[in-house]
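*Asks:* Structure for this input, please:
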Amino acid sequence: MGQFPANPWGLYDVHGNVSEWTCSVYDKDYGGGEQRCAEPNTSGPCVLRGGSWYGGPLWVRGAARLWTAPRLWNGDGGFRLARTFP
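*Replies:* Coordinates of the predicted model:
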């Protein structure tokens with residue numbers, strides 16, 4: 001941990017841990033669907049962003065996106081906890 005410089009927000013090691021689940025349905029054409037959360041029981045493919053320990057350099061970046069079924073899980077996908085300050 002902390003072997004590389006922090007990003008512009010002062011966070012270390014945020015890429016490459018797990019691919020991040022998002023709440024949006026995958027839209028291959030970026031038609032705007034990824035800007036809002038899907039309905040609770042959506043069965044379509046959901047978006048995974050960033051990369052994990054399993055992926056190569058191309059996938060370990062915030063702009064990388066993949067899709068997967070909402071109920072499919074494995075050891076390289078997860079979510080991030082975020083804290084906001086008042």
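
*Asks:* only C-alpha atoms for contact and neighbour calcs from this point on.
*Replies:* OK.

*Asks:* what about residue 24, which SS state?
*Replies:* Counting by DSSP: H, G, I helix; E, B strand; the rest coil, the backbone at residue 24 sits in strand.

*Asks:* Do you have the strands of the chain handy? List them.
*Replies:* Taking DSSP state E as the criterion, the chain carries its strands at 19-25, 46-49, 65-68, 77-78.

*Asks:* can those go into JSON lines with extra columns for mean neighbour count?
*Replies:* Rendered in JSON lines, the data for these read as follows (neighbours: other Cα atoms under 10 Å):
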{"stretch": "strand 19-25", "mean neighbour count": "22"}
{"stretch": "strand 46-49", "mean neighbour count": "22"}
{"stretch": "strand 65-68", "mean neighbour count": "17"}
{"stretch": "strand 77-78", "mean neighbour count": "18"}
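
*Asks:* Of all the ones you listed, which one comes closest to residue 10?
*Replies:* Taking Cα to Cα, strand 19-25 is the member of the strands of the chain nearest to residue 10, at 19.5 Å.

*Asks:* Outside of that closest one itself, which residues are in contact with it?
*Replies:* Strand 19-25 is contacted by residues 33-38, 44-52, 76-80 when judged by Cα atoms under 8 Å, 6 or more residues apart in numbering.

*Asks:* ok so, going back, in JSON lines: the strands of the chain, plus mean pLDDT and distance to residue 7.
*Replies:* As requested, the strands of the chain are exported to JSON lines (pLDDT from 0 to 100; distance: least, Cα to Cα, whole Å):
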{"stretch": "strand 19-25", "mean pLDDT": "82", "distance to residue 7": "18"}
{"stretch": "strand 46-49", "mean pLDDT": "82", "distance to residue 7": "17"}
{"stretch": "strand 65-68", "mean pLDDT": "81", "distance to residue 7": "20"}
{"stretch": "strand 77-78", "mean pLDDT": "72", "distance to residue 7": "21"}
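
*Asks:* burial of residue 38, as a residue count?
*Replies:* Using other Cα atoms under 10 Å, residue 38 has 17 other residues around it.
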